[in-house]
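Student: here's my sequence, what's the structure:
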Amino acid sequence: MADLFDQSDDAIPGKGAPRPLADRLRPRALSEVIGQDHILGPEAPMGAMLRAGNLGSLILWGPPGVGKTTIARLLADATDLHFVQISAIFTGVADLKKVFEAAKLRRRTGQGTLLFVDEIHRFNKAQQDGFLPHMEDGTILLVGATTENPSFELNAALLSRAQVMVLNRLTLAHLEKLAQRAEQEMGRALPFDGPAREALLEMADGDGRALLNLIEQVSGWTVDGKLDAQALSKRLMRRATQYDKSGDAHYNLISALHKSVRGSDPDAALYWFARMLAGGEDPRYLARRVTRMAVEDIGLADPQAHTVCLDAWNTYERLGSPEGELALAQAVTYLALAPKSNAGYVAFKAAMAAARQTGSEPPPKHILNAPTKMMKDQGYGEGYAYDHDADDGFSGQNYFPESMKRGVYYQPVERGFERELKRRLDYFVKLRTKRQS
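Tutor: Numbering: from 1, shown residues only. Predicted coordinates for the structure are as follows:
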């Protein structure tokens, strides 16, 4: 009986049955893999490992449909290792024990095992730790595949024993090459004109497997002549955008939106804002983050920016989707074009750091209230200068703890409204210096 997890041809039921196009076009050598030359080329990391004969455990990180499983199979072929494939979604502790025991038996007969773990980030910490002793003693060579950032999803101990290889999303040029292979396999050309062909490639959204599935659908059509892009869109639906609201895409896209706003590029900011909405992001999350951008990156350079964001948020709450999303989009545009300053943000962080360093230093006594006689006898409030009594409304007194050197935290920039605030600040600095001299 074949091993439960054995993925050799003999273990695959229905070997003579019709095979999907994606399976028929699976590369037979690493040199046939499309779009990953940066790791597979002769001088690239994986190519160099194979040439030197010292392949180590790997984590293949990349989006769906770019060849992670195929590369793992071909690595096993290239190194004469027995290939075993499991999925973290369907494999429990008992299953893992069987895999490790089978690998140990093979090792005794001189056969190594390449264990391919799909969706490896789905294993919990204890399960991930379970791989370590078998990796260290050579029982298995681990190749894990993940669509999530390994830095966040995999244990440090596991990462220290495996090299992370980043696989790229397939470009239109890569997808075109794959489409040409499919046409050769099927023995006929796709029934599209140029724009329709490009539209088909775009529908795959960088996923080679998705493209081959679309082509397989197309191969069953009866078509006279060539279809244009409009006819194609009626027959095929665009592939759903890759977006995980709790994963890498979420953090990557909000970072792109934030940096586009900070970089004063309204077009890029609107694009990333739209990408997140199209992916199903909660508009309220975007409203909160956009308001954060106004506070962090614009601040007092345009005090109205904060209000614009809150008004847009309130408008969304009243109108809902999709009408209210326009108000948020307008807030994004306003922020991108507003003068930028993080002086308030920097000042706040510096003040917080100083507050932590100075512990529980009390305020100077002259600015403490003295509601009782005992407090007055202790000097509370003594010598306080009421600023409104000064001709210019400024006393210039010290408001920091008496044992603490005066801090300088807020340093406004020469942009937007902060230019005026800088003028005021400079004015008070001169007065304070004059009063204290």
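Student: would you confirm that Arg181 contacts Leu25?
Tutor: Yes - contact criterion CB atoms under 8 Å: Arg181 and Leu25 qualify, at 5.7 Å. Bear in mind the C-beta positions are built from the backbone N, C-alpha and C, glycine included.
Student: quick one, which of the two is more surrounded?
Tutor: Taking neighbours as other CB atoms under 10 Å, Arg181 and Leu25 compare with Leu25 leading, 21 against 18.
Student: quick one: that one from Gly62, how far?
Tutor: Applying CB to CB, to the nearest Å, the value for Leu25 to Gly62 is 19 Å.
Student: same check on Glu176?
Tutor: 20 Å.
Student: and these two? Which one has more around it.
Tutor: Gly62 (22 against 17).
Student: mind listing what that one touches?
Tutor: Counting by CB atoms under 8 Å, 6 or more residues apart in numbering, Gly62 touches 68, 147, 166-169.
Student: out of those, which sit inside strands?
Tutor: When DSSP state E is applied, the contacts of Gly62 are split such that Val166 fall in strands.
Student: so what's Tyr384 up against?
Tutor: Contacts of Tyr384 (CB under 8 Å, 6+ apart): 366-367, 397.
Student: make it 6 Å
Tutor: By CB atoms under 6 Å, 6 or more residues apart in numbering, Tyr384 lies in contact with His366.
Student: give me phi/psi at it?
Tutor: Main-chain torsions, Tyr384, degrees, to the nearest 10: phi -70, psi 130.
Student: so where do the helices sit in the stretch 201-350 of the chain?
Tutor: 208-219, 229-235, 248-262, 266-278, 283-293, 304-319, 323-337, 343-357 (DSSP state H, counting those that start in this stretch).
Student: Glu153 is nearest to which of those helices?
Tutor: Ranking the helices of the stretch 201-350 of the chain by proximity to Glu153 (CB to CB) places helix 248-262 first, at 9.2 Å.
Student: pull out the buried positions in the closest one.
Tutor: 248-250, 253-254, 256-258, 260-262 (16 or more other CB atoms under 10 Å).
Student: got the phi and psi for Glu148?
Tutor: In terms of degrees, to the nearest 10, the main-chain angles of Glu148 are phi -110, psi 160.
Student: doesn't His121 make contact with it?
Tutor: Yes - contact criterion CB atoms under 6 Å: Glu148 and His121 qualify, at 4.6 Å.
Student: returning to what we had before: least confident pick among the buried residues of helix 248-262?
Tutor: Minimum pLDDT for the buried residues of helix 248-262 is recorded at Asp248 (65).
Student: which of the buried residues of helix 248-262 lies closest to Ala189?
Tutor: Nearest to Ala189 among the buried residues of helix 248-262, with distances taken as CB to CB, is Ala249, at 34.5 Å.
Student: if I look at the closest one, how far off is Trp272?
Tutor: Taken as CB to CB, the span from Ala249 to Trp272 is 11 Å.
Student: please apply the same query to Lys104.
Tutor: 50 Å.
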